[in-house]
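> Need a 3D model of the sequence below.
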Amino acid sequence: GKKKKMRKDSYEELSKKQTQDELHEKETPPSKDQPLFLWIIWFVYKIQQLIVSRFKAVNEMTKKKLCTHKDGPKEKEHKRKKVLLVIAHPDDEAMFFTPALETLIWDTQNRFDVHVLCFTSGNYDGLGETRTRELHKSCKTLGIGGDIEVIRSPTHPNTYQYGDHARILLIDNETEFADHPTKKWSIEAGCKVMQTLQKKYDFDILLTFDKDGVSSHTNHQSVHDIVKCAVDENQALFRHASAYQLITLPIFTKYNTMWWTYMIRMLYHVLGLSPGLTFYAQNYKQTVNAMLAHTSQFVWFRKLFIFFSQYSFVNYLRPL
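Below you'll find the model as predicted:
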């Protein structure tokens with residue numbers, strides 16, 4: 001038994017030493033007689049280190065800001081913050097909000113309990129059931145567990161028994177909330193849903209679109225109006241909740257790949273001009289996998305979107 005333990009300890013020490021040696025090799029610049037390409041690789045590595053460390057620091061500052069509860073009771077200060085992402089369609093979470101979701105869900109200190117509320121099943125092309133399953137799969141890919149719960153009577157929310165552990169909620173009511181690019185929704189019915197959910201879950205943080213809806217989609221704009229109406233008209237109910245809206249970027253900034261905007265935004269941070277909340281993606285592959293879960297929607301222009309769009313790499317949100 002002692003020999004096995006000694007061999008195990010020796011193996012662990014050897015592995016640790018090899019890891020340290022590898023890190024030392026990366027940290028140490030090449031010698032003068034080394035080829036130029038090794039110097040280029042080392043330089044790129046150091047720049048990447050600097051950028052990633054800065055992004056992680058920004059994400060940590062954002063999470064710390066969210067953990068400072070808005071005038072909440074002292075007993076809630078050290079509890080996990082309940083977050084509700086409010087979207088219009090299945091795939092909105094993957095196309096627009098993955099940097100924020102990834103940062104909050106995979107927080108190393110496990111400070112956030114993330115939920116998703118989707119106001120339609122995405123049935124514009126008759127694929128409502130398929131897209132509901134795809135939303136569930138995408139959320140699981142991002143790290144939001146549990147079953148998906150379909151709400152079929154949002155105009156009478158008090159008659160519906162919301163599940164205690166449901167983290168993915170989807171509304172299936174095409175009368176009040178039709179998946180359509182030009183149809184406005186019932187703000188009153190949407191407010192009732194928000195009010196009922198807030199009473200049930202007592203959310204600390206709400207995330208949604210801004211008034212322009214990123215892509216100017218009418219349903220995205222309606223979601224913004226619903227959340228804003230709910231918060232404004234039920235201030236006592238939402239008094240401990242903080243609501244944030246995803247900033248719609250100008251079209252040139254929105255689609256010119258990530259690097260230019262990264263550098264500009266880094267300058268904004270240095271000058272203290274950054275918006276309310278900033279989330280940088282740490283794992284782009286997760287964004288791709290979340291979008292791949294929406295098989296029925298993964299057409300050519302969405303493939304281009306997740307590669308060129310800033311929303312795949314960074315989210316800027318300001319108070320609602």
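
> where does the stretch 151-300 of the chain have low pLDDT?
For the stretch 151-300 of the chain, the stretches with pLDDT under 70 are 153-165, 256-275.

> Tell me which stretches of it form strands.
168-171, 205-209, 242-246, 277-280 (DSSP state E, counting those that start in this stretch).

> how about those, which one is nearest Met61?
Between Met61 and those, the shortest gap by Cβ to Cβ is with strand 277-280, which sits at 8.2 Å. For the C-beta atoms, the positions are set from N, CA and C on the backbone; glycine is no exception.

> Contacts for that closest one, please.
The contact list for strand 277-280, computed with Cβ atoms under 8 Å, 6 or more residues apart in numbering, reads 55-56, 58-59, 62, 65-66, 99-100, 102-104, 244, 262, 265, 269, 313-318.

> Buried ones among these?
55, 58-59, 62, 66, 99-100, 102-104, 244, 262, 265, 313-317 (16 or more other Cβ atoms under 10 Å).

> if we can go back for a sec, got the strands of the stretch 151-300 of the chain as CSV, with distance to Val299 columns?
Compiled in CSV, those are given as follows (distance: least, Cβ to Cβ, whole Å):
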stretch, distance to Val299
strand 168-171, 22
strand 205-209, 22
strand 242-246, 23
strand 277-280, 26
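
> Which stretches in the protein count as helices?
Here the chain has its helices, by DSSP state H, at 2-27, 36-67, 92-96, 98-105, 128-142, 187-201, 213-216, 218-233, 251-254, 258-271, 284-292, 300-308.

> Show the average pLDDT along the first one.
If I follow you right, that is helix 2-27. If you average the pLDDT over helix 2-27, you get 47.

> separation between the most centrally placed residue in the chain and Lys184?
Most central in the chain under Cα atoms, centre = their mean is Leu101, positioned 2.3 Å from the mean C-alpha point. If you measure Leu101 against Lys184 using Cβ to Cβ, to the nearest Å, the figure is 27 Å.

> same deal with Ala241?
Counting by Cβ to Cβ, the gap from Ala241 to Lys184 is 25 Å.

> Neighbour count for the two, which is higher?
Relative neighbour count places Ala241 above the other of Ala241 and Lys184, with 21 against 12, counting by other Cβ atoms under 10 Å.

> do you know how far that one is from Gly276?
Remark: distance between Ala241 and Gly276 (Cβ to Cβ) = 15 Å.

> next one: Asn219
With the distance defined as Cβ to Cβ, Asn219 ends up 24 Å from Gly276.

> Which one's more surrounded, those two?
Using other Cβ under 10 Å as the criterion, Asn219 and Gly276 rank with Asn219 on top: 26 against 15.

> roughly how far apart are the more buried one and Ala178?
Here the distance between Asn219 and Ala178 works out to 8 Å (Cβ to Cβ).

> Give me the neighbour count for the closest residue to Lys254 other than its chain neighbours.
The shortest distance from Lys254 to any residue other than its chain neighbours is 5.6 Å, reached at Gln310 (Cβ to Cβ, 6 or more residues apart in numbering). Using other Cβ under 10 Å, Gln310 has 20 other residues around it.

> For Leu170, give me its contacts.
Applying Cβ under 8 Å, 6+ apart, we find Leu170 in contact with 90, 117-118, 120-121, 132, 135, 148-151.

> Who wins on neighbours among the residues you listed?
Within the contacts of Leu170, neighbour counts (other Cβ under 10 Å) peak at Pro90, which reaches 33 neighbours.

> Glu134 is in contact with that one, correct?
Yes: with contact defined as Cβ atoms under 8 Å, Pro90 counts as touching Glu134 (5.7 Å).

> list residues touching both of the two?
Overlap of the contact sets of Pro90 and Glu134 (by Cβ under 8 Å, 6+ apart) consists of 294, 297.

> what's the first-to-last distance across stretch 201-214?
For stretch 201-214, the first-to-last residue distance is 27 Å (Cα to Cα, to the nearest Å).
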